[in-house]
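>>> what follows is a protein structure lacking sequence information:
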Ligand SMILES: Nc1ncnc2c1ncn2[C@@H]1O[C@H](COP(=O)(O)OP(=O)(O)O)[C@@H](O)[C@H]1O
Ligand SMILES: O=P(O)(O)OC[C@H](O)CO
């Protein structure tokens, strides 16, 4: 048995380390113990691993009979921060580093990232985490491969000649495309798209972001006309840059099918770009370089790190962050689900190897695609645009505290929401409602209302929307979920998780090691490079120390609160119609 040190519950917090914008993840890390030996001294460069049945996970035997512990690195590029974690063969993180970067909101509804800052934050995380790893007595050469997981839909465009971005990335919750979406929805063919790609037409996917850029940014249009426009989601951009960008011979421009399934350009069944989808958005594939779609786990497709301390280490796994969290929670069987409370909140429900197109407001997406003859696995997804970002909004815009955890403390300072309901529709409302013309709206304010009520209503908003998603999922899948596995930054809030159990009436099951998103990408890479052979090898991963929140609220009370939420959702409609 390995020993995992007690987690520091504040590890996701905005704890500044050494005065820099880096976050302290160290509380979750496993310290070396007798059961988790440091690297073996007889490390060989020329190494052809093979597994023996008696060897524990993550230990491979070399051709000359030596045994070596392998580790897998994982880049987790999220909406608010970048991280690099190094996992051992038991699926425990042994070293990590996290950096918050700047989110840009240049106009109301606009949300951007600097693509170069995304890359530099990742590179810095790799360097720092490796320093900690080496300090623990391990060696860089113990890292067998690297996985990448990332915020999805966020759209990056660059010049394929120079490898430099043409403008800031448009981030997934950005709503600048709402007028364009209204226009596209009016077209007759719009109703047939979802059957092909699994996504409803909204401001959310990459397709509308790319169309908007082509219509509104001259440098992008010019690059398109001259055939030097490269498009990608964050995975493609990072893989391209980490492989050396335009200088690589040849440049590596790929995406995995989980990320591609978020663009609205990919056909869910063929796993390739679909001409009808590209045509609908006016994209001429001879003018724009689209990333090649490959499986999520592969030792060669994603190339190798071209420079820095991990030079020549293969990138062998790639998953969109929500798919990755499902993998990190080992949700490998149909009927298993997870809900990840990060910037947004995303419930993925494994439906097996045939996609299910939702009739009740959910998305159909690729859950994971491990290749090598395995069939891809699909999921139904309930996407909530605002979860942790609602908490950050109270902290950053209204000074309700200095750290996210203080929002939970404020919410705990009042016994209930005092009649306040906050529909956090900053990007309209996503699943299962898809109300583009809603805006954030607070209902029920009186002289009695204080910060505690607003904080509580903010946490409750995600829990109510999750319940609405669960109801839709039950109708689509004809299956009632018995337990909700959770993770992500906001799942650190016990109050929020208890509220979630109360309003859904089912137990909420939270792992002790909540870096499941990063773990998923490590699993994808580790499977491709022999650290784990089969999903079976992972069944003990992240099982220890889980906390289960049982529903405690009277059912009638939960029903009353949910009904009021439904009323507030209806009343939040129609704010942007005249824009
Ligand atoms: N203790 C806490 N209470 C409430 N919210 C929290 C807490 N800890 C973290 N968060 C929220 O979690 C979010 C970050 O979660 P994370 O999973 O890192 O997101 P992402 O991958 O989108 O960057 C932030 O929005 C933050 O406000
Ligand atoms: O930043 P997160 O973790 O909320 O995830 C972002 C999603 O991938 C957007 O679809």
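Happy to help now that I have it. Owing to the predicted nature of the structure, the values given are computational and were not obtained by experimental measurement. Numbers count the residues shown, from 1 in each chain. Ligands and ions are numbered 1, 2, ... in the order given.
>>> what sits against the residue in the stretch 151-300 of the chain that ligand 2 sits nearest to?
Here the residue of the stretch 151-300 of the chain nearest ligand 2 is residue 152; by CB to the nearest ligand atom that distance is 3.7 Å. The way it works is simple: take the backbone N, C-alpha and C, and place the C-beta from them, glycine included. Applying CB atoms under 8 Å, 6 or more residues apart in numbering, we find residue 152 in contact with 172, 233, 234, 258, 259, 262, 320, 321, 322.
>>> taking the stretch 1-150 of the chain, what residue is nearest to ligand 2?
With CB to the nearest ligand atom as the measure, the residue in the stretch 1-150 of the chain that lies nearest ligand 2 is residue 79; the distance is 3.3 Å.
>>> can you tell me the SS state at that residue?
State at residue 79, reduced to three classes by DSSP: H, G, I helix; E, B strand; the rest coil: coil.
>>> pretty sure it sits against residue 103.
Yes: counting by CB atoms under 8 Å, residue 79 touches residue 103, with 7.3 Å between them.
>>> need the residues touching each of those two.
Counting by CB under 8 Å, 6+ apart, the contacts common to residue 79 and residue 103 are residue 171.
>>> neighbour count winner among these two?
Higher neighbour count among residue 79 and residue 103: residue 79, with 22 against 16, using other CB atoms under 10 Å.
>>> got the contact list for whatever residue of the chain ends up closest to ligand 2?
Each residue of the chain has a distance to ligand 2, by CB to the nearest ligand atom, and the smallest belongs to residue 342, at 2.8 Å. For residue 342, the residues meeting the contact criterion (CB under 8 Å, 6+ apart) are 78, 79, 80, 321, 387, 388, 488, 489, 490, 517.
>>> what does the pLDDT read for the fourth one?
Read it as residue 321. For residue 321, the pLDDT comes out at 97.
>>> around it, how many other residues sit close by?
Here the number of neighbours of residue 321 (other CB under 10 Å) works out to 31.
>>> do I have it right that it meets residue 344?
No: taking CB under 8 Å as the contact criterion, residue 321 and residue 344 are not neighbours in contact, 10.0 Å apart.
>>> what is the end-to-end distance of stretch 298-312?
According to CA to CA, to the nearest Å, stretch 298-312 extends 15 Å from its N-terminal end residue to its C-terminal end residue.
>>> buried sites along it?
Within stretch 298-312, the residues that qualify as buried are 298, 299, 301, 302, 303, 304, 305, 306, 309, 310, counting by 16 or more other CB atoms under 10 Å.
>>> can you tell me which of the residues you listed is nearest ligand 1?
Using CB to the nearest ligand atom, the shortest approach to ligand 1 within those belongs to residue 302, at 20.9 Å.
>>> residues touching the nearest residue to residue 561 once chain neighbours are set aside, list them.
Excluding the flanking residues, the one nearest residue 561 by CB to CB, 6 or more residues apart in numbering is residue 503, at 6.5 Å. Neighbour list for residue 503: 460, 463, 464, 466, 467, 553, 558, 561, 562 [criterion: CB under 8 Å, 6+ apart].
>>> quick one: residue 503 is in a strand?
No: following the definition three-state DSSP, residue 503 is helix and is not counted among the residues of a strand.
>>> which strand or helix spans the nearest residue to residue 432 once chain neighbours are set aside?
The shortest distance from residue 432 to any non-neighbouring residue, by CB to CB, 6+ apart, is to residue 361 (3.0 Å). In the assignment (DSSP states H and E), residue 361 maps to no helix and no strand.
>>> just checking, residue 361 touches residue 465?
No: with contact defined as CB under 8 Å, residue 361 does not count as touching residue 465 (11.0 Å).
>>> the more surrounded of these two?
Taking residue 361 and residue 465 together and counting by other CB under 10 Å, residue 465 has the greater number of neighbours (28 against 20).
>>> before we move on, back to that, where does the residue nearest to residue 561 land on pLDDT?
Looking at residue 503, its pLDDT reads 97.
>>> and the helix or strand hosting residue 94, average pLDDT?
Element membership of residue 94, judged by DSSP H and E, is strand 93-100. Averaged across strand 93-100, the pLDDT comes to 96.
>>> helices and strands around the next helix or strand after it, which ones?
Using DSSP H and E, the helix or strand that directly follows strand 93-100 along the chain is strand 112-113. Contact here means 3 or more CB pairs under 8 Å, 6 or more residues apart in numbering; DSSP states H and E; on that basis strand 112-113 packs against strand 169-170.
>>> now do the buried residues in the helix or strand just after the strand it packs on.
Following the chain from strand 169-170 toward its C-terminal end, the next helix or strand by DSSP H and E is helix 178-185. Of the residues in helix 178-185, those scored as buried under the neighbour-count criterion (16+ other CB under 10 Å) are 178, 180, 181, 184.
>>> for stretch 108-128, same thing?
The neighbour-count criterion (16+ other CB under 10 Å) identifies 109, 111-115, 117-119, 121-126, 128 as the buried residues of stretch 108-128.
>>> buried ones in stretch 559-579?
561, 562, 564, 565, 568, 569, 572, 573, 576.
>>> quick check: the fourth one is in a helix.
Going back to what we said before, that points to residue 565. Yes: assessed with three-state DSSP, residue 565 lies in a helix.
>>> so the closest residue in space to it that isn't next to it in sequence is in which element?
The shortest distance from residue 565 to any non-neighbouring residue, by CB to CB, 6+ apart, is to residue 464 (4.0 Å). Secondary structure from DSSP H and E places residue 464 in helix 451-477.
>>> quick one: contacts for residue 479?
Counting by CB under 8 Å, 6+ apart, residue 479 touches residue 335.
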